[in-house]
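>>> for reference, the sequence and a predicted model appear below.
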Amino acid sequence: MKRAVFAGALTAVAMASVGCGATSPSPSRPQAPLATWNASQHLVKWVVVAGDGGANGGMNFDGYANGEMTLVVPLGWRVEIAFRNASFTPHSAMVVPFADHERPNFDASLAAFPGAATANPSQGSSKGDEETVTFTASRAGTYALVCAVPGHALAGMWDKLEVSAQAKSPSLSAGGSSTGGSP
Ligand SMILES: [Cu+2]
């Protein structure tokens, strides 16, 4: 049943607009794709909700922690993160080189790309705060989306971003589900 809901959502998207796509691997949120993109604009929008439910003690993005979610972005595309903090705990979002994902502390200078962090990343934002973060995925490689509030990434509040010179379109996998290919 979960699979049917998911497939239906993808089919609807594919029929709605050639050249655009969406992926929603979490069956509990079929109404809200975590990533959507526009191929002609080379733009991917990633919905990143910090503290989304109780997974990993609330230390998660979109309910995923410890690298359970991976967004693949073609090299050179723009990434627009629609960030929201759903929790009373302060959280932030920042893209860092993967090797830095288990640091206890971060500062804004560690952002892997110019602009790839929410404001005051080490302080975090309040419950309900929303912020749009945009950057260009200008170097291929493996990166991590971390919460830069001290201790949170170490507690598992990180997921993955792959910038790929081979990928033709974005894809997002999470929680063991994987989607990709041409929408
Ligand atoms: Cu956090």
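Looks like it came in fine.
>>> could you use CA atoms for every contact and neighbour count after this?
OK.
>>> quick check: the one residue in the chain that gets nearest to the ion vs residue 43, distance?
As assessed by CA to the ion, the ion sits closest to residue 91 within the chain, at 3.6 Å. Distance from residue 91 to residue 43, counting by CA to CA, to the nearest Å: 25 Å.
>>> please apply the same query to residue 122.
The gap separating residue 122 from residue 43 is 27 Å, by CA to CA.
>>> which outside residues touch stretch 117-125?
The contact list for stretch 117-125 (CA atoms under 8 Å, 6 or more residues apart in numbering) reads 83, 85, 90-95, 105-108, 111, 131-133, 147-150.
>>> measure it end to end?
When the termini of stretch 117-125 are compared using CA to CA, they are 12 Å apart.
>>> hmm, that stretch touching the ion?
No. Stretch 117-125 does not reach the ion (CA under 5 Å from the ion); its nearest approach is 7.0 Å.
>>> avg pLDDT for that stretch?
Stretch 117-125 carries an average pLDDT of 97.
>>> follow-up on the earlier one: number of nearby residues for the residue nearest to the residue of the chain closest to the ion when sequence neighbours are not counted?
Counting by CA to CA, 6 or more residues apart in numbering, residue 91 lies nearest to residue 124, which is 4.3 Å off, once chain neighbours are set aside. With neighbours defined by other CA atoms under 10 Å, the count for residue 124 comes to 20.
>>> and residue 148, by the same measure?
What residue 148 shows, counting by other CA under 10 Å, is a neighbour count of 33.
>>> all helices of the protein, in order?
Here the chain has its helices, by DSSP state H, at 2-16.
>>> so where do the strands sit in it?
20-23, 35-38, 43-50, 69-74, 78-85, 94-97, 130-136, 141-146, 158-164, 171-174, 177-178 (DSSP state E).
>>> packing partners of the fourth one?
In other words, strand 69-74. Counting contacts by 3 or more CA pairs under 8 Å, 6 or more residues apart in numbering; DSSP states H and E, strand 69-74 packs against strand 158-164, strand 171-174.
>>> residues from this structure in reach of the ion?
Those residues of the chain that sit near the ion, judged by CA under 5 Å from the ion, are 91, 147, 152.
>>> circling back: could you measure from the residue nearest to residue 91 over to residue 137?
On the measure of CA to CA, residue 124 and residue 137 end up 23 Å apart.
>>> no further queries at this time; thank you.
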